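> A predicted structure for the sequence below; I have some questions about it.
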Amino acid sequence: MLGQFDRKFYIDFLRDIDEAEMSGILRLRQNRILKALFFESGCLVFGISNLPDEELGQHLVNTGELASEHLESIKQHVNRTQPLTFLLQAYNLVNHEKLVKAEYDLISSMAITCFNWEVGEYTFDSSKTADHEFKIQIRALDILANGIRNLQDENYICSVIGDLTQYVLPVTDLFNRTKRLSLTPQEGYILSLIDTAKTVSHLVSSSGLPEMDVLRILYVLLATGVLDPLEETIDIRTSVKLANASGNPIKAVPVSAPTASLPRASGAYRKLSPLDQTYSSLQTAQAQAQPVVQAQPVVQAQPTQQYQTGRLDQPQPAKSNKINTAKLEALAGIKIRSSTGAKDSQENEQAEQLFIQGKQLLRTGDLRKAEIAFRQSIDLSPDTAKYLLALSLILVKRSGARKEAEGLLIRCCELESSAIEPRLQLASIYEQSNMSSKAEQMYKSVLSIDPQNAVAKEKLKKDSSIWNADVGSIFSKILKK
């Protein structure tokens, strides 16, 4: 994995590493600063940095454990067979216990200071692990919590929490969740006040603590999965029905809040959140740029709404509803409804609420019900790209459903000529199916939209990337500049 990262990505990725107990090397770069964090089974075990103050010898000098002249005299003897840690102990300059503590503090600080990076580049290589004499064991979740506790940007914390009238509530398996994390006394106190859903403003007023302290604590609890936010609500006044697998109608109940112990159990939810804004802006731009097209008559849907695969050389948006109808008939029978009228407005509202409910179900990890909700959204509004994408992100994980997912993504690309995520998903499908030419074609289409897209550039790059080089050689090149 390679791409751009920001503070929120770093926080989310640390939580992913903890939940999935991932192993590998997370390399982070901001301008000329380069760090490599080594993880094993969800724990940080080692770290390297090209910052002078984040080198072990200099850290020992800075903390008063080693005299600077001793460090200078011993450096000339350091080599692969006699590393610094070996020489420090051999000459009785620093004992083993102090070295272990210094390594722990240094590597922990190395990871925590990255929380103050606003932007940067990252790569994660799961094929490599740490091969060092000293290894610490710090859970990625503890690094995440400590990073937020020490975060200097208070404006960022306020912006993340957002509206103080929003509700927060504890996850259902709160006991097991808190066992994985060392909470501070103040965090434990705030958590004890949240027996049911409470607003942020209520917690600020009832806790007796400064507002900024409460917001920081809530961010720690939310980011580590101890609390869940009530991000979206369903309008219970709208009568919406879902059809389950057997065809029996079931009433859609309001999803008050995610309650599962793993609130981000589905990768589909993580991808959907930023895409909502993307598609909203695309739809607004298209509405302003395109003239109103006369609506076509309703075409009744076939019993099975399975999207079939097609050829996608260079996806372009349909020029008229007549062309849309022809393309849809080639894919499958899909209802084409007028965009005007009270009935269509009601159906669009129902489709959007089903989509919101599907996202909430994804947060709770209920993929089956989420799929039902997304399919019903498509039935009500078949030309809304984000509904098609939402269903495809669930189906793409099932090998038997990838053909249908491919058809959904192709249709997505036809509807939104500037959307990148559907093309990246298609490229991934083609790669997994050993269709390298089609995958290459998709990555090229991504670059035609966004020439700076890191994923597509990396996939199409013929020369070996700097990220695949040995960590030590990378540092040597940077330090020589």
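Structure's in. What do you need?

> Do a quick rundown of the strands in the chain.
All strands of the chain, identified by DSSP state E, fall at 2-6, 24-30, 33-40, 43-49, 119-125, 138-139, 167-170, 198-199, 227-229, 241-243, 249-251.

> Which stretch among these approaches residue 86 most closely?
strand 43-49 (16.1 Å; Cβ to Cβ). Backbone N, C-alpha and C define where each C-beta goes, glycine included.

> Throw the strands of the chain into TSV and include distance to residue 100, mean pLDDT and mean neighbour count, thanks.
Shown next, in TSV, are the strands of the chain (distance: least, Cβ to Cβ, whole Å; pLDDT from 0 to 100; neighbours: other Cβ atoms under 10 Å):
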stretch	distance to residue 100	mean pLDDT	mean neighbour count
strand 2-6	30	74	16
strand 24-30	22	91	20
strand 33-40	16	93	22
strand 43-49	13	92	22
strand 119-125	26	87	18
strand 138-139	13	90	18
strand 167-170	36	84	20
strand 198-199	42	88	16
strand 227-229	34	78	22
strand 241-243	56	42	14
strand 249-251	58	40	10
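
> mind giving me a markdown table with the ones you listed and columns for distance to residue 76?
Below are the strands of the chain laid out as a markdown table (distance: least, Cβ to Cβ, whole Å):
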| stretch | distance to residue 76 |
| --- | --- |
| strand 2-6 | 37 |
| strand 24-30 | 29 |
| strand 33-40 | 25 |
| strand 43-49 | 21 |
| strand 119-125 | 33 |
| strand 138-139 | 32 |
| strand 167-170 | 56 |
| strand 198-199 | 61 |
| strand 227-229 | 53 |
| strand 241-243 | 73 |
| strand 249-251 | 75 |
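
> now for these, which one comes closest to residue 383?
That would be strand 241-243 among the strands of the chain, by Cβ to Cβ, at 20.7 Å.

> give the contact list for the closest residue to residue 211 other than its chain neighbours.
Excluding the flanking residues, the one nearest residue 211 by Cβ to Cβ, 6 or more residues apart in numbering is residue 204, at 5.0 Å. By Cβ atoms under 8 Å, 6 or more residues apart in numbering, the residues touching residue 204 are 164, 211, 214-215.

> Please repeat the previous calculation with a cut-off of 10 Å.
164, 190, 210-215, 218 (Cβ atoms under 10 Å, 6 or more residues apart in numbering).

> quick one on the thing from earlier: closest one to residue 425 among the strands of the chain?
Per Cβ to Cβ, nearest to residue 425 of the strands of the chain: strand 2-6, 15.1 Å.

> about what we covered before: go through the strands of the chain and name the closest to residue 378.
strand 241-243 (12.5 Å).

> What is the neighbour count of residue 160?
Other residues within reach of residue 160, judged by other Cβ atoms under 10 Å, total 18.

> I figured it was touching residue 166, is that so?
No: if you go by Cβ atoms under 10 Å, residue 160 and residue 166 don't touch, sitting 11.4 Å apart.

> Distance of the residue nearest to residue 211 relative to residue 165?
11 Å (Cβ to Cβ, to the nearest Å).

> got it, and residue 5?
The value you get for residue 5 to residue 165, if Cβ to Cβ is used, is 31 Å.

> ok, now which ones touch residue 106?
47, 49, 53-56, 58-60, 62-63, 136.

> Quick one: buried ones out of the contacts of residue 204?
164, 190, 214-215, 218 (16 or more other Cβ atoms under 10 Å).

> ok, these vs residue 397, which is closest?
residue 218 (32.1 Å).

> Might one say that the closest one is in contact with residue 227?
Yes: applying Cβ under 10 Å, one finds residue 218 in contact with residue 227, separated by 6.9 Å.

> where are the low-confidence patches of the stretch 51-200 of the chain?
The model of the stretch 51-200 of the chain has pLDDT under 70 over residues 130, 132-133, 173.

> Where do the domain boundaries of the protein fall?
Using automatic domain parsing, the domain ranges for the chain come out as 2-140, 154-229, 241-419.
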